[in-house]
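1. Sequence and predicted structure below; questions after.
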Amino acid sequence: MNISFSPPHIDDVIIDEVVAALRSGWITTGPRTKAFEQKLAEYCGIQHVVCVNSASAGLELVLRWFGIGPGDEVIVPAYTYTASAEVVIHCGAKVVMVDVNDDMLIDVEKVRHAITPHTKAIIPVDIVGLPCDYQELFDLVNDTEIRKLFAPNNDKQKKMGRILLLADAAHSLGAYYRGKHTGAVADISVFSFHAVKNLTTAEGGAICINLPESFDSENIKNSMNTFSLHGQSKDAFTKTKAGAWRYDVCSIGYKCNMTDVAAAMGLAELKRYDKLILPRRKAIFDAYNQAFKNNPLFIVPTYETADKISSYHVFTLRVNNITEEQRDAIILDMAEQGVAANVHFIPLPMLTAYKSLGYRIEDYPNAYHQYACEISLPVYFDLSDEQVNEVIRALKAAVAKVCL
Ligand SMILES: *Cc1c(COP(=O)(O)O)cnc(C)c1O
């Protein structure tokens, strides 16, 4: 039996929607993208969503909207994918990394110590679908002493009056924090619809605007839509209406809009996300949890607490007291048995680009500790119960071979 790690879920429902988009005569940003934005906003319980062509583009758009640039600092966990940090560097600002807790989420106390008068934003990452400690993060950025440190240098930052909480929610569509969907928790959250994510449009992302009421969020949504499309006053769809040819370019924009072909996939998948996709992922999490939770060899991931329900993105199993080399040997042995496992993630300070910027893994001991013994198991809609059992068997056999 060969079990792959995370193939996309593509069936006739999605194919039919994509074909309908292709036959409609309109393939780039248009009615389907607008409908997907609306459905995502309803799903999250907010008013305004901006769809773009990736989460990375969405995060960068938000940082630029907030006026973050040279001289500014943005706090990012060391344990994440490069996208969470690279966008800060693209804006010319400095990435300030902090360590994570045992649940792999950003350590709020470490964040507190990393704040300086240059800090403009924090990018907490809902790693593998578990929401961060948002109440503690909001308490921190609203703390009188921390607010006093905040040095705004434009009107948006003045209006905010504190550090922006920009959630990297790439993994957490459908997760809950204290009864609210992610997207409706941080000031702004960004989802990813990349091919390996829970809901995919091949490539895609969405910016969820949940700013304080003093902000005109509708206006911000419109300007982000414009900003994602060359700063042009009318999108191509509006322009094609007879007589509506004239346009203006209002700002020097970017090109990161979502296409209607991609939105068609998203619309089809979102409609059945809660009824079909999440329950299947949860069932697989429950099966792995059951298999490993009472075994002292293993540490199972947290995916439900009093405050949080995960989106069940990746099952991050950890094997107690093994070295990085043993972990790699287990994954290799599983591969030889036909089961693809993975590691989420290699901490940023271990990657060449970040090492050459001066980050050192020794400064993030818990990120390293989590990473060294972590093995991500396959979780996806089409993974059968029989395959789940095979993953469990292959893993246990590999651990027995390598460690015992
Ligand atoms: C996938 C991912 C992203 C980037 O998503 P794209 O849509 O590919 O840009 C950002 N952050 C994390 C944690 C991710 O895993």
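-> Here it is on my side, so go on.
2. Which residues of the stretch 51-200 of the chain lie near the ligand?
-> Applying Cβ under 6 Å from any ligand atom, we find that the stretch 51-200 of the chain lies next to the ligand at 54-56, 80-81, 83-84, 125, 168, 170-171, 192, 194. Quick note: C-beta positions are derived from backbone N, CA and C, even for glycine.
3. Would you mind giving these as TSV with pLDDT and neighbour count added?
-> TSV is the format used below for these (pLDDT from 0 to 100; neighbours: other Cβ atoms under 10 Å):
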residue	pLDDT	neighbour count
S54	98	20
A55	98	28
S56	98	24
T80	98	25
Y81	98	19
A83	98	22
S84	98	26
V125	98	26
D168	98	30
A170	98	29
H171	98	28
S192	98	28
H194	98	19
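4. Any chance of TSV for those, columns secondary structure?
-> Formatted as TSV, those follow (DSSP: H, G, I helix; E, B strand; the rest coil):
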residue	secondary structure
S54	coil
A55	helix
S56	helix
T80	coil
Y81	coil
A83	helix
S84	helix
V125	strand
D168	strand
A170	coil
H171	coil
S192	strand
H194	coil
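5. Just put those in TSV and tack on distance to Y364.
-> What follows is these, written out as TSV (distance: Cβ to Cβ, whole Å):
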residue	distance to Y364
S54	26
A55	23
S56	22
T80	11
Y81	15
A83	18
S84	14
V125	14
D168	17
A170	20
H171	20
S192	23
H194	25
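6. D385 and R280 touch, don't they?
-> No. In this structure D385 lies outside contact range of R280 using Cβ atoms under 8 Å: 10.4 Å.
7. separation between the residue of the stretch 301-404 of the chain found nearest the ligand and D107?
-> Taking Cβ to the nearest ligand atom, the ligand has its nearest neighbour within the stretch 301-404 of the chain at F345, 7.4 Å off. For F345, the distance to D107 (Cβ to Cβ, to the nearest Å) stands at 16 Å.
8. So for these two, which residue has more residues nearby?
-> Ranked by neighbour count (other Cβ atoms under 10 Å), F345 and D107 place F345 first, with 26 against 22.
9. So that one, which state does it fall into?
-> Quick answer, by three-state DSSP: F345 is coil.
10. Contacts only, for it.
-> F345 makes contact with 79-81, 127, 371, according to Cβ atoms under 8 Å, 6 or more residues apart in numbering.
11. Name the residue in D385 and R280 with the higher neighbour count.
-> The residue with more neighbours, out of D385 and R280, is R280; 16 against 10, by other Cβ under 10 Å.
12. Show me what the helix or strand harbouring the more buried one is packed up against.
-> According to DSSP states H and E, R280 maps onto helix 278-292. If you count contacts as 3 or more Cβ pairs under 8 Å, 6 or more residues apart in numbering; DSSP states H and E, helix 278-292 packs onto strand 315-319, helix 385-403.
13. Let's see that helix as CSV, backbone CA atoms only.
-> Output in CSV follows, covering the C-alpha atoms of helix 278-292 (Å, rounded to 0.1, in the frame of the first residue of the first chain):
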residue,chain,number,x,y,z
LEU,A,278,-13.5,19.0,8.5
PRO,A,279,-15.4,16.0,10.0
ARG,A,280,-13.2,13.6,8.0
ARG,A,281,-10.0,15.4,9.1
LYS,A,282,-11.2,15.3,12.7
ALA,A,283,-11.9,11.6,12.5
ILE,A,284,-8.4,11.0,11.2
PHE,A,285,-7.0,13.1,14.0
ASP,A,286,-9.1,11.2,16.5
ALA,A,287,-7.8,7.9,15.2
TYR,A,288,-4.1,8.9,15.5
ASN,A,289,-4.8,10.5,18.9
GLN,A,290,-6.4,7.2,20.1
ALA,A,291,-3.4,5.2,18.8
PHE,A,292,-0.7,7.3,20.4
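14. can you list contacts of it?
-> By Cβ under 8 Å, 6+ apart, helix 278-292 touches 174, 198, 298, 300, 303, 310-313, 315, 317, 377, 379-381, 383, 385, 388-389, 391-392.
15. same question, stretch 379-390
-> By Cβ under 8 Å, 6+ apart, stretch 379-390 touches 1, 3, 6-7, 9, 276-277, 280-281, 284-285, 287-288, 312-315, 339, 378.
16. got it, and stretch 247-261?
-> Contacts for stretch 247-261 (Cβ under 8 Å, 6+ apart): 18, 21-22, 24, 26-33, 36, 51-54, 57-58, 60-61, 201, 204-205, 223, 225-235, 239.
17. Good, wrapping up.
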